[in-house]
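Asker: predicted model and sequence follow; I will ask about them next.
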Protein chains: 2
Amino acid sequence: MNTLMNHVETLKPVFHPVRIAILEELAKGVKCVSELEEFLAISQSNVSQHLSALRLAGIIDYFIDGRLRCYFLKNPMIPDLLEILKKEYPEELPGPECCPVTKKGTYHGDRKK
Amino acid sequence: MNTLMNHVETLKPVFHPVRIAILEELAKGVKCVSELEEFLAISQSNVSQHLSALRLAGIIDYFIDGRLRCYFLKNPMIPDLLEILKKEYPEELPGPECCPVTKKGTYHGDRKK
DNA sequence: CAAGAATATTCGAATATTCTAAAATGCGAA
DNA sequence: TTCGCATTTTAGAATATTCGAATATTCTTG
């Protein structure tokens, strides 16, 4: 049940610009390889390699339709992840209470002085 | 304002077990390096290297308190990301309408037959 | 100032990732 | 069958990441 670190392993290969672009497309619906190739501006073999990596991680899957390979999203974290990536965030989180940022004091931990 | 790919670049270095563990700790509050070192079971220099990488990416920052470096979360995506990583998800997203999974038909795209 | 604590930096080896080019596979049509 | 399309696989070079070991830095206290 160490689900957190499993999720980390799973998502690690998705943090690549091309792979994110692929996932964004697939979030809109099923796409076959040559459609993705058109959309992305990279070689077909490279597209295939990225798809393969994503599939190995269980992020996507495909079904075969004639000579087409139709890829679709499989991992349920992906839509949530894409949402975060597209969201607007403030520059920074508010600083901690006890720090120069807020001028409110010094560290409260238990290290030696 | 292609904020999406910037976010991808930013988050790329966080997908490492040790770094996630660090971020989980920092999500609870400010921590200094030796506290993190205790918690994680790795060398001080390695902790420091991970902290440095996270800081370079703008994920965390620190303030100095005597000889302690007190690290804290800075990037506002992190809490949302940790939430996803800790969430329970169903095994798979529902398959697409037009595929063997749902037995509902074949690909609707416009590739050659 | 010297010593020690807390932390950072540098270097190098091991490993992993990514891309290009080339060759291989599988399917459908003629 | 044979051909051509859609896609994958393989191989290898270029690059990036990660980690341990050694060393350096910075601050505090005596």
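Answerer: That came through, no problem. Numbering: from 1, shown residues only, chains lettered A, B, ... in the order given.
Asker: phi, psi of A:H16?
Answerer: As for A:H16, its main-chain torsions (degrees, to the nearest 10) stand at phi -150, psi 130.
Asker: hang on, it packs against A:H50?
Answerer: Yes. Proximity of A:H16 to A:H50 meets the contact threshold set by C-beta atoms under 8 Å, at 7.4 Å. Every residue, glycine included, has its C-beta placed from N, CA and C.
Asker: neighbour count: those two, which is higher?
Answerer: A count of neighbours by other C-beta atoms under 10 Å in any protein chain shown puts A:H50 above the other of A:H16 and A:H50, at 21 against 16.
Asker: does the helix or strand harbouring the more buried one come close to DNA strand C?
Answerer: Here A:H50, judged by DSSP states H and E, is contained in helix A:44-56. Yes. On the criterion C-beta under 7 Å from any atom of the strand, helix A:44-56 is in touch with DNA strand C at A:45-46, A:49-50, A:53.
Asker: what comes into contact with that helix?
Answerer: A:13-14, A:16, A:18-19, A:22-23, A:33-34, A:36-37, A:40, A:60-62, A:69, A:71 (C-beta atoms under 8 Å, 6 or more residues apart in numbering or on different chains).
Asker: follow-up on the earlier one: buried members of the residues of helix A:44-56 next to DNA strand C into ChimeraX, please.
Answerer: Per 16 or more other C-beta atoms under 10 Å in any protein chain shown, the buried members of these correspond to this ChimeraX selection:
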select /A:50
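Asker: please tabulate the residues of helix A:44-56 next to DNA strand C in a markdown table, including the columns distance to DNA strand D and pLDDT.
Answerer: As requested, the residues of helix A:44-56 next to DNA strand C are exported to a markdown table (distance: C-beta to the nearest atom of the strand, whole Å; pLDDT from 0 to 100):
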| residue | distance to DNA strand D | pLDDT |
| --- | --- | --- |
| A:S45 | 3 | 97 |
| A:N46 | 8 | 97 |
| A:Q49 | 5 | 98 |
| A:H50 | 9 | 98 |
| A:A53 | 10 | 98 |
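Asker: which one of the residues of helix A:44-56 next to DNA strand C is nearest to B:M5?
Answerer: Of all the residues of helix A:44-56 next to DNA strand C, B:M5 sits closest to A:H50, with 15.2 Å by C-beta to C-beta.
Asker: where exactly do the strands run in chain A?
Answerer: Taking DSSP state E to define them, one finds strands in chain A at A:31-32, A:60-65, A:68-73.
Asker: and the angle for the second one with helix A:44-56?
Answerer: Interaxial angle, strand A:60-65 versus helix A:44-56 (axes from the mean of the first three to the mean of the last three C-alpha atoms, to 10 degrees): 120 degrees.
Asker: residue nearest the centroid of chain A?
Answerer: Closest to where the C-alpha atoms of chain A average out (C-alpha atoms, centre = their mean) is A:V14, at 4.4 Å.
Asker: shouldn't that residue be in contact with A:I60?
Answerer: No. Checked against C-beta under 8 Å, the pair A:V14 and A:I60 is beyond contact range at 9.8 Å.
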